[in-house]
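Colleague: Okay, sequence plus prediction incoming.
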Amino acid sequence: MTAQQERRAAEEGPVIVVTGTQIQGAKVDDVLPVTIVGEELIESIDPASGDELFRAIPQAGSVEFNEQNTSGGVNGARGDIASINLRGLGTGNTLLLINGRRMLNNPGFQTELFVPVVSPDTNTIAPGSIRRVEVLRDGASAVYGADAVAGVVNTILRGNRDGGYLRANYRASDGTGLYSYQLDGGLGFDFADGRANFTIYGGYFYENGMRATERDYAASSDLRPFLVGTDFEGDTQFDNRSINSAWGAFDIQGSSATSSRTTVLRDDDFNLKPCSFFGPSGQPSDGRFLDLGNGICADNGGTIDRSLRHDIGADRFLFSQKERINVQTLFNYELSDAAEFYFEGSYYRSESFREREASTMLSAVPIGIEATAFWNPLGATTLADGSPNPNRITNGLGPNVTDDGRALLMEDYRFIDAGPRLGSVTKDEFRLVAGLRGEFGGWDYDTGFLYAQANTTDLTRNRVSNTLLQDAINRRDASAYNPFNGGCVPNGNVGAIQRDCTPNPQSVIDSITIDVFREGETTLALADFKVSRPDLFEMPAGGVGIAAGVEFRRETFEDDRDPRLDGTITFTNAVNGDFFGSDVLGSSPSPDTSGSREVYSAFAEALIPLVSDDMDIPLINELELQLAARFEDFSDSSSAFVPRAALAWRPVRDILLRGAWSQGFRAPNLVQVNDQGTTRSNSITHVVECVAEIIKGIEDNVDDCGTVGTIDFREGGRDLEPEDTESINFGVVLTPSFIPGLTITADYWQVKQEGLVGIFGSENNLLLDLLLRFSGETNPNVIRDAPTADQIALYDGTGILPAGDIQQILNPYRNLDERTSEGVDFSVMYEFDTSFGAFDVQVNAARLIGFDQSAGPIADRLFNELTPILQQIPELSTADVGALQPFGFGELLEIDGRPKWRFSAAAGWESGPVRVNLFGRYVGQVFDPSGTQDDTLAFFRVDDWFTMNFGISYTIENDTALDGTRLRFGINNLLDEDPPLADESYGFYGSLHSARGRQFSFDIRKNF
């Protein structure tokens, strides 16, 4: 038998865990907590993607890179992507490997706790080519390096195939038009007298996509109908329809704009509505309205009626239309008894398309409408050609609206007549690995070179240019864009596509719409050399294993934005002269970003048997120690040295006690280090002004203060330090000899993280500014204009130092906070044979005990100093004081994506050609802080969720051409459980739950 054939025989025999140690041949699954997802469990899960596979692992945490994540828009990672987040410690804290070497990060990034995070794309892993997945549920920076803070996920590909297969799969979601089909296959063969093997896999996947209107909970952004009979019934927090609609809001400009003599509105702000909304008379009793004609009126104030808000849920896809192509090759050639050459190559391409709601404005970036604009109802009395202006209204204008007219600012408007935004994301990724491995002088060695590259193109059509729009609005003839013609009056049909009943001509729309692109690239080049020996020398208990190695890697990141996003083409308001770095309506400016780093590392590891069973020591059947340490030096930040120690003690043969202590680190990612200044426009409550207005009786409570568009400036830097961690793990493994095939494990873990990269946050900066102004000081990170006379009068007698308008808030990335997480894992594995067939059972459960985010010294001041001050202000209610608390600190267990309990369970029965699978997945309840009770301040409860899969297969075994053909029928989410309701974009947490519902899966596979 050749070495190649011996290797295949070993792979088809008992599973040897390779994750957690670099010592070839070492058995570490006793010492370390490792979860194995094998081919039979993968079949029970029946995943259509890598994302669905990894979501089934209870320790995987929330998936922040997902299709239902709408945060960030073009500034977020989009397309057919997914991530993994072991322990919920944050995306980027889990190291993903393929055959023991790093995966490449996806070119895009998401924002978690306002900080950009990166992750490999788990959808690039095709389930059909996987032999198994090994999940090391413990910090492993000492063994594998940075990013292994929460653990390691190592995907082992199925190489050395002898023969091939073809497979076709079709699945459809019950009650919807969503379907997908997949074609894949593999082929492997030996050659060169059995010294070599070549294996290739290929696959094609297509899904047709689905609109949000096909699910009732996602069809409308107004979730209040689902709250009837609950404590949140009628709560407007769950009405997520947008104030930006075809019924715009405007601000009158010029001197004396707030004078009651400007218009009968007696207000510089006005919003549009159908005149019929005033009742049968078509006008309000106080007379504060302007009739713009055609049944459209202007009402005082800048907030449109709730019934006129735009329901964005009806205008978007819940699942994108997507295609995936993947090809993988594995090749190995035995050059001699001491050396084998190996090669891995893969190519992955995905294309996705989806529609999103029509473009709208940022609240902090109004559009200037000049007095000479053709459709301006307060415009000049004559047009550019000297003819009378038919659009200037004649009733309700005061003497301050002269014949020259008044300029306006358009502050809220949605361009529904331009249609939805059309997004396409294309990704190409390839990975090449070549190396030598073998044995020389009793030492195993492995040296290799890896190069991987990913490129994405994110193209959005039908966006709107701020500059082109402003030019079109300010034209002096009928070719101008008209934002004063209103829109459709809502008909109350939930899920109806939102249209504009008074659209502008297509020729005008074409003059303002643009395509916007974003291109990204990441690369990873890695070279390593490792040696190991399982028996360097003998001790009374056995041979001492040792491993050592060096590694070099170079990572690059490039993010190329459209010129209208990166500051090349900017926008200047034609009326007030304000400048904004983005010319794309609704998108904050983001500069092009690029960076690279080189990392040099060295590690050493030892596996030391201290006691063996043949030594006959009471209560110590076996005792084994693992020691490891690693040094890494980063070219763009500091270096790190981290140790690890693990001990396995078997007091009796059937019981194993294990424990581990380790230090870890995570270097700031390339986006955090190289971000030279990112501007974001966010709507937040200006708490300093709000508290003053409540004290003066202008507003009743914090909710009435509303939100204001505010510019947030974030910046990275090379002074960021790696995040340090300390992990401990204690566990027990029971393998009762009187029940063969049964294994029970329980492991307690705790991770302490220090120096987490974050921002203090705009809300917290404003709270700090409020605290300091009570003592006559200011927060330098809140940059304001000098207070006006009216603002000085507002603060008189409040005890608060007068504050002017906010220009921007500075939020640099900093090593800020500490976090302590802890939990317990449980597992049961049982295999047994009966006269009725073979049974196998697996249960994997994760219980999160705590997730405490320390406030840090600055936030502590807010808790300890600001809260007592606010409690002494009689005009502030308990709810108001609760709303003015620091954000994002304290015990975060069950908040957002951190349920206490997750578990999965699989059961299989096999008899001859028949196999039956059951798989269940449970996600515990969480609380959604975006929905808060006014009286109790309790968060909205998102219910727990349990789904079950069923599958049955039959393999034809005869001497015909059908021999080796397997037919499989499955039902995923057998009970058709909807995702539990949450106050989120699509009515549920896409990071935790799925909207695919019950799926019928049909599968045919032919082995040959």
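Modeller: Arrived safely, thanks for sending.

Colleague: correct me, but Phe238 touches Arg224?
Modeller: Yes: if you go by Cβ atoms under 8 Å, Phe238 and Arg224 touch, sitting 5.2 Å apart. From N, CA and C alone the C-beta is placed, and that goes for glycine too.

Colleague: which of these two has more neighbours?
Modeller: A direct count of neighbours by other Cβ atoms under 10 Å for Phe238 and Arg224 places Phe238 higher, at 23 against 16.

Colleague: quick one, what contacts that one?
Modeller: 222-224, 226-227, 232, 931, 983 (Cβ atoms under 8 Å, 6 or more residues apart in numbering).

Colleague: Arg819 is in contact with Phe851, isn't it?
Modeller: Yes: with contact defined as Cβ under 8 Å, Arg819 counts as touching Phe851 (7.4 Å).

Colleague: What are the boundaries of the strands in the stretch 401-550 of the chain?
Modeller: Applying DSSP state E, counting those that start in this stretch to the stretch 401-550 of the chain gives strands spanning 408-412, 421-440, 443-464, 513-539, 542-561.

Colleague: which one of these lies closest to Gln808?
Modeller: Smallest distance to Gln808 across those (Cβ to Cβ): 18.3 Å, for strand 408-412.

Colleague: Note down every partner strand of that closest one and its orientation.
Modeller: Each strand paired with strand 408-412, and its direction, by DSSP bridges: strand 249-252 (antiparallel), strand 367-369 (antiparallel).

Colleague: I'd like these as a markdown table, with mean pLDDT appended.
Modeller: Compiled in a markdown table, the strands paired with strand 408-412 are given as follows (pLDDT from 0 to 100):
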| stretch | mean pLDDT |
| --- | --- |
| strand 249-252 | 95 |
| strand 367-369 | 97 |
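
Colleague: Is Gly438 in contact with Val531, as I believe?
Modeller: No: using Cβ under 8 Å, Gly438 makes no contact with Val531, being 10.9 Å away.

Colleague: For the two, list the residues in contact with both.
Modeller: Joint contacts of Gly438 and Val531 (Cβ under 8 Å, 6+ apart) are 444-445.

Colleague: Can you list the residue ranges for strands in the stretch 601-750 of the chain?
Modeller: Using DSSP E, counting those that start in this stretch, strands in the stretch 601-750 of the chain cover 622-634, 639-652, 655-666, 678-684, 708-714, 723-734, 742-758.

Colleague: before we move on, the earlier item: who has more neighbours out of Arg819 and Phe851?
Modeller: Just comparing Arg819 and Phe851: by other Cβ under 10 Å the higher neighbour count belongs to Phe851, 22 against 18.

Colleague: For the more buried one, give me the pLDDT.
Modeller: On the pLDDT scale, Phe851 is placed at 93.

Colleague: Name the SS class of it, please.
Modeller: In three-state terms, and counting by DSSP: H, G, I helix; E, B strand; the rest coil, Phe851 is strand.

Colleague: for it, what are its contacts?
Modeller: Per Cβ under 8 Å, 6+ apart, neighbours of Phe851: 88, 819-821, 891-893, 895, 898.

Colleague: Now, those residues that are in strands?
Modeller: Those of the contacts of Phe851 mapping onto strands are 819-821, 891, per DSSP state E.

Colleague: Quick check: of the residues you listed, which has the highest neighbour count?
Modeller: That'd be Ser821 among the ones in strands among the contacts of Phe851, by other Cβ under 10 Å, with 25 neighbours.

Colleague: Report the separation between that residue and Arg898.
Modeller: Distance of Ser821 to Arg898, computed by Cβ to Cβ, to the nearest Å: 9 Å.

Colleague: Common neighbours of those two, please.
Modeller: 88, 848, 851.

Colleague: Between these, which sits nearest Ala478?
Modeller: Gly88 (57.3 Å).

Colleague: Can you name the residues that contact that closest one?
Modeller: Counting by Cβ under 8 Å, 6+ apart, Gly88 touches 61-62, 821, 848, 851, 897-898.

Colleague: In strands only, show me the contacts of Phe238.
Modeller: Gly931.

Colleague: for the strands of the stretch 401-550 of the chain, which one sits closest to Leu585?
Modeller: Here strand 443-464 is closest among the strands of the stretch 401-550 of the chain (Cβ to Cβ), at 4.0 Å.

Colleague: Direction-wise, compare the closest one with strand 513-539 and give the angle.
Modeller: 170 degrees (axes from the mean of the first three to the mean of the last three Cα atoms, to 10 degrees).

Colleague: Can you give me the buried ones in strand 443-464?
Modeller: The neighbour-count check on strand 443-464 (16 or more other Cβ atoms under 10 Å) flags 444-448, 450-460, 462-464 as buried.

Colleague: and the angle for that strand with strand 542-561?
Modeller: 20 degrees.

Colleague: Paired strands for strand 443-464, with orientation please.
Modeller: strand 421-440 (antiparallel), strand 513-539 (antiparallel).
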